[in-house]
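Novice: please find the sequence and the predicted model below.
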Amino acid sequence: MLYTKKSEKTLASSVYSGMKNVLKKRTTVPAEGYRYQNLHVLRENPYKGVLLEYGYMSTPSELKKINTNSYRAYVANGVVNGLMNYFD
């Protein structure tokens, strides 16, 4: 989970909280937390945003999971949970 603006750090933290349990249960990719990175796509966006990864396409077993609707739905639920935490 990456953020660029200081104002996005709380958003990143909340979404990561919602995602970490999802990733722990459904993937072998280690949950790396959230961190600052100066990314053009976030820096030039006038709104708050974060960039997240939920698996690596370079790992065949992860790619297989990413390509399933059930895994995508599980990840989406994690993002929704994180956003609900942020807006509460």
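Specialist: Right, received. Where do you want to start?
Novice: ok, and what's touching stretch 44-62?
Specialist: For stretch 44-62, the surrounding residues in contact (Cβ atoms under 8 Å, 6 or more residues apart in numbering) are 1-3, 5, 7-8, 11-12, 15, 19, 22-23, 27-29, 34, 39, 41-42, 63, 65-66, 71, 75, 79. (Each C-beta comes from the backbone N, C-alpha and C, glycine too.)
Novice: any of the residues you listed buried? List them.
Specialist: Buried by 16 or more other Cβ atoms under 10 Å: 1-3, 5, 8, 11-12, 15, 19, 22-23, 27, 29, 34, 42, 65-66, 71, 75, 79, out of the contacts of stretch 44-62.
Novice: out of those residues, which sit inside strands?
Specialist: Per DSSP state E, strands hold the following members of the buried ones among the contacts of stretch 44-62: 2-3.
Novice: in helices, which of the buried ones among the contacts of stretch 44-62 appear?
Specialist: Among these, the members found in helices (DSSP state H) are 11-12, 15, 19, 22-23, 42, 65-66, 71, 75, 79.
Novice: now these as CSV including distance to G55?
Specialist: As requested, those are arranged in CSV below (distance: Cβ to Cβ, whole Å):
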residue, distance to G55
L11, 21
A12, 18
V15, 16
M19, 11
V22, 11
L23, 8
L42, 21
K65, 6
I66, 5
Y71, 8
V75, 8
V79, 14
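Novice: thank you, goodbye.
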